[in-house]
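K.L.:
sequence first, then the predicted structure, then my questions.
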Amino acid sequence: MIEFDTTSILFCLLASVFTAWALYQDAKWWYLRLPLYFCCFAGLLLLWLRPHGEIPIDAHKAIFCSENTPTELLDSLFKVDPDQKVYSTDTALVAQYSYVDWTPDFSFLQQLDTPIVAVTVLGDGLDEAELPYLDSLAVEEQLNLPPSGIHLVRWSQHLREGERLQVQGSFHRNEIAVAADKAFRLHLIGAGGVQDSVVLKKGADLTFDLSAQLKQAGKHVWHLATLSQTGDTLAYASIPFSVEAEESKKILLFSAQASFELKFLKRWLVEEGYPLAHRAKLSKDKYQEDFKGIEKQDLSISREALSTFDLLVVDEQTALEWNTEETALLKAHIRKTGMGILVLMGEKENGNQVAILEDFDYRASSSGTRGEGRLQIGEMGSSTSEEMQLPHRNVKAKNSTLNNFKGIIRSSNKPDKVFAAVKSFGLGRIAISTLFDTYKLALKGKKSDHQLIWGQLFDAMITDYATGVWWRYEPFAPKEGYPLTFILPAKKKDLMDEAEWQSPTAGEEPLTFDLQLNEHQNYYIGKLWPDTIGWHQLVYEAKNLAVYVHPKTAWNIAARADKINKTVEHIQELKSKELSIERKQLTRQQEYPLWYWFLLFVFSWFFLWVIEKRK
């Protein structure tokens, strides 16, 4: 089919005028020259237009066998239509059947000289990256059912001594298991044998929650076993985790004004076993010092004094009295050492901004200096779900966003209002609390609720940087030979940095890999491909993070289920568009080569030149 445009039409008219003029000049030889001029004209015209069109090409149907294809199903489909081509990525299947051709992946089929027009997919389906290759085909699927087993699992990989290991997830019983009323049992197996277990039955998708008390620090690898109702082990997967030795965090408390809130908070800290040093201001340049569980020492604002403590707690008045040099020293110390600071806001608004809280906007609203907000204690893990009116100073983050804040205690009836919030600051944390009447909970016999509120806030403040809370890696369970991505805090704003990856193999040199600052300039991203199974150490800025690398086959049931489900969803979406084999008869664009028309043009003019010479 030839397509014309304005330029082609003008060219055609000019060529016609030229041909007519040539015939008029030499009419004697018109019967000989007319075909030659026509050839010249056609050659020029076709050189410009390059006609093209759609022509049918040979195509065929195919069967693609992915992993775990049932041989009985393949035999039955091939017997129905022996003319179908069969391809597989499974070398064992290729060796077993002479009519099965090997292919490295599904995308390779698109490069065949005789492409496929329709395909039937068997087995576990395609990888997510290959699914778009199905879009140009008529597709049928006879995939495996998602296997019965654990499809999702999560556990705490970095814990403190004395905490409980909690393993949670979802278990799928496929149609065959449900029809047969099969039950399954999960065993959480530790050093002393089975630590916890659960029986799964009555339903297709079930959730489980296993836990055990941890008593010993160090790196551990427990296991999660899936057993049939007859006691046969169906799956056995590793549950690695590290336990940090519990160290009491030393707390320094500065106060410029006495209050019941501060008195009850100090009592709670001592009851919880925190080593505590308290400096209370009595008058100008006169202080009273108190030490609980810690030796007497200097309590001034200096690097030497601050280096002893993990957390600094101050009331608002103390923070307002710091000069510029003291504020700068504190910020530098928090950023570089990982110390935290908690500022306890007073009940009354004094109109002054605390310099160290420049990322917070805690000024009172126009309605008054204090707000009333309901805090639902039950949401925080208490046995009661009672809501309480807790007076607090109105607080919000600058730019009305709390995305960069941790340990947020919100109001249940006003989610945009918060009672307390923690923000990471370099390696450390800066926090603000606007509560000033929590001591009344203890006075009313609700001491557990008072402990719960402050426990949540202090947990967010003193979480050890080395436990991995501020570090993250993906995927959750790294595998041998697969990419592993690290997300690390960026203390400095250099575009590039380096981290070290230490293998468990004795004598092997650590691997140094690059870290690149992300576009928001608040964390680094690094990637590597671990090739050794077991515990590894990520070393960055003199901090260590333990990472366990699983075998390639670890958690393969979850990977298989995900692959099957995504393939089925993609094929169903294609079918919803009413794509059929008839509508997908393959055609290809045929364009006559440029050189073909150019040679015709040259030959025509060369022949004319020969005729002229013979005259």
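P.N.:
Ah, there it is.

K.L.:
what is residue 189 paired to in the beta sheet?
P.N.:
Judged by DSSP bridges, the bridge partners of residue 189 are residue 194, residue 223.

K.L.:
hang on, isn't it packed against residue 223?
P.N.:
Yes: using C-beta atoms under 8 Å, residue 189 makes contact with residue 223 at a distance of 4.6 Å. (C-beta placed from N, C-alpha, C; glycine too.)

K.L.:
more neighbours: which of those two?
P.N.:
Each of residue 189 and residue 223 has its neighbours counted (other C-beta atoms under 10 Å); residue 189 has more, 17 against 13.

K.L.:
if I pick that one, what's in contact with it?
P.N.:
The contact partners of residue 189, by C-beta atoms under 8 Å, 6 or more residues apart in numbering, come to 195, 222-225.

K.L.:
would you map the strands across the stretch 151-300 of the chain?
P.N.:
Per DSSP state E, counting those that start in this stretch, the stretch 151-300 of the chain carries strands over the ranges 158-160, 164-172, 184-190, 193-200, 205-213, 218-228, 233-244, 251-255, 276-283, 286-292.

K.L.:
which of these sits most buried?
P.N.:
strand 251-255 (a mean of 24; mean count of other C-beta atoms under 10 Å).

K.L.:
would you mind extracting the C-alpha trace of that strand into CSV?
P.N.:
In CSV, the C-alpha atoms belonging to strand 251-255 read as follows (Å, rounded to 0.1, in the frame of the first residue of the first chain):
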residue,chain,number,x,y,z
ILE,A,251,20.5,9.3,81.5
LEU,A,252,21.4,12.9,82.4
LEU,A,253,18.5,15.0,83.7
PHE,A,254,18.6,18.8,83.8
SER,A,255,15.7,20.8,85.4
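
K.L.:
which strands or helices does it pack on?
P.N.:
Helices and strands touching strand 251-255, by 3 or more C-beta pairs under 8 Å, 6 or more residues apart in numbering; DSSP states H and E, are helix 260-271, strand 276-283, strand 311-315.

K.L.:
could you give the angle of the longest one to strand 311-315?
P.N.:
Spelled out, that is helix 260-271. Taking axes from the mean of the first three to the mean of the last three C-alpha atoms, to 10 degrees, one finds helix 260-271 and strand 311-315 inclined to each other by 160 degrees.

K.L.:
check the second one too.
P.N.:
Between strand 276-283 and strand 311-315, the angle formed by their directions is 30 degrees, by the same axes, to 10 degrees.

K.L.:
so which residues make contact with strand 276-283?
P.N.:
Contacts of strand 276-283 (C-beta under 8 Å, 6+ apart): 250-258, 266, 269-270, 287-294, 297, 299, 309, 318.

K.L.:
redo the contacts of residue 189 as a markdown table? Include distance to residue 485.
P.N.:
Below are the contacts of residue 189 laid out as a markdown table (distance: C-beta to C-beta, whole Å):
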| residue | distance to residue 485 |
| --- | --- |
| 195 | 31 |
| 222 | 25 |
| 223 | 26 |
| 224 | 25 |
| 225 | 30 |
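
K.L.:
would you turn the residues you listed into CSV with distance to residue 181 and pLDDT?
P.N.:
What follows is the contacts of residue 189, written out as CSV (distance: C-beta to C-beta, whole Å; pLDDT from 0 to 100):
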residue, distance to residue 181, pLDDT
195, 28, 92
222, 30, 94
223, 27, 93
224, 23, 93
225, 21, 93
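
K.L.:
so which of the residues you listed comes closest to residue 535?
P.N.:
residue 222 (13.5 Å; C-beta to C-beta).

K.L.:
who's in contact with the closest one?
P.N.:
Shown in contact with residue 222 (C-beta under 8 Å, 6+ apart): 165, 188-191, 195, 212, 238-241.

K.L.:
closest one to residue 112 among the strands of the stretch 151-300 of the chain?
P.N.:
Among the strands of the stretch 151-300 of the chain, strand 164-172 comes nearest to residue 112, with 36.6 Å by C-beta to C-beta.

K.L.:
could you name the helices and strands sitting against that closest one?
P.N.:
Partner elements for strand 164-172 (3+ C-beta pairs under 8 Å, 6+ apart): strand 149-155, strand 184-190, strand 205-213, strand 233-244.

K.L.:
what about those, which gets the closest to residue 441?
P.N.:
Across the helices and strands packed on strand 164-172, closest to residue 441 is strand 205-213 (C-beta to C-beta), at 28.5 Å.

K.L.:
just the CA atoms of that closest one, as PDB, please.
P.N.:
Extracted C-alpha coordinates of strand 205-213, given in PDB (Å, rounded to 0.1, in the frame of the first residue of the first chain):
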ATOM      1  CA  ASP A 205      -5.400 -18.400  54.000                       C
ATOM      2  CA  LEU A 206      -4.400 -18.500  57.600                       C
ATOM      3  CA  THR A 207      -2.200 -16.300  59.800                       C
ATOM      4  CA  PHE A 208       0.200 -17.500  62.500                       C
ATOM      5  CA  ASP A 209       2.200 -15.900  65.300                       C
ATOM      6  CA  LEU A 210       5.000 -17.800  67.100                       C
ATOM      7  CA  SER A 211       7.200 -16.500  69.800                       C
ATOM      8  CA  ALA A 212       9.900 -17.400  72.300                       C
ATOM      9  CA  GLN A 213      11.800 -15.800  75.100                       C
END
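
K.L.:
same question for that strand, mean pLDDT?
P.N.:
For strand 205-213, the mean per-residue pLDDT is 88.

K.L.:
residues in contact with it: which ones?
P.N.:
With contact meaning C-beta under 8 Å, 6+ apart, strand 205-213 is reached by 164-173, 186, 188, 190, 195-198, 200, 222, 224.

K.L.:
just want the angle from that strand to strand 164-172.
P.N.:
Using the same axes, to 10 degrees, strand 205-213 lies at 160 degrees relative to strand 164-172.

K.L.:
neighbouring strands - and their directions - for strand 205-213?
P.N.:
With DSSP bridges as the test, strand 205-213 pairs up with strand 164-172 (antiparallel).

K.L.:
any idea of the angle the strand it pairs with forms with strand 218-228?
P.N.:
30 degrees.

K.L.:
so what touches strand 164-172?
P.N.:
In contact with strand 164-172 (C-beta under 8 Å, 6+ apart) are residues 146-156, 159, 184, 186, 188, 200, 204-214, 222, 224, 239, 241, 561.

K.L.:
with distance to residue 275 added, can I get the contacts of residue 222 in a markdown table?
P.N.:
Shown next, in a markdown table, are the contacts of residue 222 (distance: C-beta to C-beta, whole Å):
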| residue | distance to residue 275 |
| --- | --- |
| 165 | 27 |
| 188 | 35 |
| 189 | 38 |
| 190 | 32 |
| 191 | 32 |
| 195 | 33 |
| 212 | 30 |
| 238 | 37 |
| 239 | 34 |
| 240 | 32 |
| 241 | 28 |
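
K.L.:
quick one: least confident of those?
P.N.:
When the contacts of residue 222 are compared, residue 191 shows the smallest pLDDT, 84.

K.L.:
so what's the residue count around it?
P.N.:
10.

K.L.:
surely it touches residue 220?
P.N.:
Yes: Residue 191 lies in contact with residue 220 (C-beta under 8 Å); the separation is 7.4 Å.

K.L.:
quick check: pLDDT value at the spatially closest residue to residue 245 that is not a sequence neighbour.
P.N.:
Closest residue to residue 245 in three dimensions, ignoring its sequence neighbours and counting by C-beta to C-beta, 6 or more residues apart in numbering: residue 217, at 4.1 Å. We have a pLDDT of 83 for residue 217.
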